[in-house]
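Asker: Just to be clear, the model below is a prediction. Sequence and coordinates:
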Amino acid sequence: MNKKTKTVIVTDKINGKAIILAGGKGTRLWPLSREDHPKQFVEFKDGLSLFQLTIERLLPCFSPKDIFIVSHESYKFTVLNQIQLLPGVKNAIKNLLKENIILEPVPKNTLPAIMLSLKYIESRTILNENELICVLPSDHIIEPVNDFEKCIRQAETLTEQDKIIVFGVKPTFPKEGYGYILLKRKFGAGYLVDTFVEKPSIQKAKLLIKKGGLWNSGIFCFNKKTFLGELAACSPSSYKYYQYTYDEFCRNFENIVADSIDYGIMQKTKNAALIKFNLKWSDLGSWDSYLQFYTNGKGNFTIGDAEFFDSKNCFAYSDNRLVCFLGVNDVMAIDAADSLLIVKRGCSDNVKELVSAINKKGLQHTKTGSTVYRPWGYYTVLHEQDNYKVKEIGVYPQKTLSLQKHKYRSEHWNVVEGKIDIYIGNTKKQIQKNESVFVPQNAKHRIHNPTDKIAKVIEVQIGSYVGEDDIVRYTTYK
């Protein structure tokens, strides 16, 4: 008689949960980063955003069902769409990621966001007290990915000894916007932490570096038991809310004090340990750190078209214009469609104050750009006059715009990439690249992308009024 054999599924995934923090605004990377489309969602490398690169970095390490994304309600559809547009990722994996989106009722910084994530996970599955939990921002760039995974596995061995693990990076220059960590002694695969110093002055940062201080990467690993124990000890006013059910916790979320895990726990705990990040890391928190990551602070560097004449250590970012430098050193030029930033190297941390000053004047340049993102995709205004407007419209896979009409304008659509289904009145027509269709004034219409790739349309509006509020909607988007 043949013996029944038990099937064993072998996996090299980490047994734990990963939480991606994706709710920040990233004002120091203006004018690319805007309030409605912050830096983690901006395309930075190989056509991918930092958020998408973060997911790609985690997928080899964690099962997709164990990767959770916490963001703000206003970024919900951006998160969904960026997951959908991940290249080379199966739809089944994308669907698992979409099911794990957690939305903050209000932004409250990293500590409440982590608490919300844990409550959410507990409400959906069993969260073992000793299971690894990795918390990481969505706006970092880390290379190579294989070395990142090795560091996470090293951290796992220390969480088993009831430590909260932070990852330290060897500083390449003194920077006052970072947190610094001084070490005690070797401890297993890492080190015990002596002191956290959050955002010191340049002078103090230099002293910390001389003492062997490391940058705080902002990535943490711990288990539930240790985190809750430290939360109770270090931040009891926040911990009391953790006793609520998930629904009660959400209802009371706005009452929790806004705090970071750095200030709320890490500067107070006696149970911190560190793993060294012996890899290439940057939080791209400013244009200076962006340039430092790619050039090590030396030489000219460009993304887009630029020419450098008798100029040193300059940086250009431009999507569609040639940027030329002549006889200048240490200058950065970041060119967006509606704004141009010229900043001296070493001063880009002050962009945050510049953004605040622009906001006080009531200008919208920090809030939205020429590209506006919608649940179904985006549109970019290419040109506009009183009686006509030209747009590029991008419709994400399987998305549908609302059924609508316009009182004051007609529209002409020309497909330049992919194909779309057009509904005009009672007729349906499919058009593809190099084909066009006319939409008369006052005709009900909608666009649907039936494919798994983005479709792009050039829309020409002509009429007595071409404002965005000339829309009568009959159904919503899908």
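Answerer: Perfect, thanks for sending it. Numbering: from 1, shown residues only.
Asker: which residues in the stretch 1-150 of the chain form strands?
Answerer: For the stretch 1-150 of the chain, the strands defined by DSSP state E, counting those that start in this stretch occupy 16-21, 43-45, 48-49, 67-72, 101-104, 132-137, 141-143.
Asker: now the ones you listed in CSV, with mean pLDDT, mean neighbour count and distance to Ser33?
Answerer: To be clear about C-beta, it is placed using only N, CA and C from the backbone, and glycine gets the same treatment. Converted to CSV, the strands of the stretch 1-150 of the chain look like this (pLDDT from 0 to 100; neighbours: other C-beta atoms under 10 Å; distance: least, C-beta to C-beta, whole Å):
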stretch, mean pLDDT, mean neighbour count, distance to Ser33
strand 16-21, 95, 24, 16
strand 43-45, 77, 16, 10
strand 48-49, 89, 19, 11
strand 67-72, 95, 23, 15
strand 101-104, 94, 19, 19
strand 132-137, 95, 23, 14
strand 141-143, 86, 19, 14
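Asker: so which of those strands comes closest to Ser260?
Answerer: Closest of the strands of the stretch 1-150 of the chain to Ser260 is strand 16-21, at 10.4 Å (criterion: C-beta to C-beta).
Asker: Surely Ile209 is within a helix?
Answerer: Yes: according to DSSP: H, G, I helix; E, B strand; the rest coil, Ile209 belongs to a helix.
Asker: Around it, how many other residues sit close by?
Answerer: Counted by other C-beta atoms under 10 Å, the residues lying close to Ile209 total 18.
Asker: nearest residue to it other than its sequence neighbours?
Answerer: Spatial nearest neighbour of Ile209, chain neighbours left out: Pro171 (5.1 Å); criterion: C-beta to C-beta, 6 or more residues apart in numbering.
Asker: what does the model give that neighbour for pLDDT?
Answerer: According to the prediction, Pro171 has pLDDT 89.
Asker: Also Asn109?
Answerer: pLDDT at Asn109 comes out at 91.
Asker: Please apply the same query to Lys3.
Answerer: Predicted confidence (pLDDT) for Lys3: 39.
Asker: going forward can the numbers begin at 18, since that is how I track them
Answerer: All set: I'll call the first residue 18, so the last point we hit is now Lys20.
Asker: Tell me how far Tyr390 lies from Val59.
Answerer: 11 Å (C-beta to C-beta, to the nearest Å).
Asker: Glu215 now?
Answerer: 26 Å.
Asker: of those two, who's got more company?
Answerer: When Glu215 and Val59 are compared for neighbours, Val59 comes out ahead with 18 against 13, by other C-beta under 10 Å.
Asker: Enumerate every residue touching the more buried one.
Answerer: 46, 49-50, 66-67 (C-beta atoms under 8 Å, 6 or more residues apart in numbering).
Asker: What are the phi and psi values at it?
Answerer: phi -80, psi 140 (degrees, to the nearest 10).
Asker: Count the neighbours of the closest residue to it other than its chain neighbours for me.
Answerer: In space, and not counting its chain neighbours, Val59 is closest to Leu49: 5.0 Å by C-beta to C-beta, 6+ apart. Neighbours of Leu49 under the rule other C-beta under 10 Å: 22.
Asker: Kindly report the same for Gly363.
Answerer: Gly363: 12 neighbours (other C-beta under 10 Å).
Asker: from memory it sits against Trp304, does it?
Answerer: No: with contact defined as C-beta atoms under 8 Å, Gly363 does not reach Trp304; the gap is 10.3 Å.
Asker: hmm, back to that, could I get the contacts of Val59 as CSV with distance to Lys297?
Answerer: Formatted as CSV, the contacts of Val59 follow (distance: C-beta to C-beta, whole Å):
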residue, distance to Lys297
Leu46, 19
Leu49, 21
Ser50, 22
Ser66, 18
Leu67, 14
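Asker: For those residues, work out which two are farthest apart.
Answerer: That would be Leu46 and Ser66, which, of the contacts of Val59, are the farthest apart (C-beta to C-beta) at 12.0 Å.
Asker: Now do the contacts for the residue lying closest to Lys82 once chain neighbours are set aside.
Answerer: Distances taken as C-beta to C-beta, 6+ apart put Leu113 closest to Lys82, at 5.0 Å, once the chain neighbours are dropped. By C-beta under 8 Å, 6+ apart, the contact list for Leu113 reads 81-82, 84.
Asker: Now Asp438: which helix or strand?
Answerer: Taking DSSP states H and E as the definition, Asp438 sits inside strand 436-441.
Asker: average pLDDT for that strand?
Answerer: Rounded mean pLDDT across strand 436-441 is 94.
Asker: Just the residues contacting it, thanks.
Answerer: The contact list for strand 436-441 (C-beta under 8 Å, 6+ apart) reads 412, 420, 430, 445-450, 454, 456, 460-468, 472, 474.
Asker: Same list, the contacts of Leu113, but as JSON lines with distance to Phe310 please.
Answerer: Listed next are these as JSON lines, based on distance: C-beta to C-beta, whole Å:
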{"residue": "Pro81", "distance to Phe310": "28"}
{"residue": "Lys82", "distance to Phe310": "32"}
{"residue": "Ile84", "distance to Phe310": "25"}
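Asker: that older thread, could you dump the strands of the stretch 18-167 of the chain into TSV and include distance to His382?
Answerer: Output for these, formatted as TSV (distance: least, C-beta to C-beta, whole Å):
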stretch	distance to His382
strand 33-38	26
strand 60-62	19
strand 65-66	21
strand 84-89	21
strand 118-121	26
strand 149-154	25
strand 158-160	26
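Asker: And those strands: which comes nearest Ile181?
Answerer: Ile181 lies closest, by C-beta to C-beta, to one member of those: strand 149-154, at 10.0 Å.
Asker: can you pull out the helices in the protein?
Answerer: For the chain, the helices defined by DSSP state H cover 67-75, 93-101, 108-116, 127-141, 162-176, 219-227, 241-251, 253-259, 263-268, 278, 304-312, 368-377.
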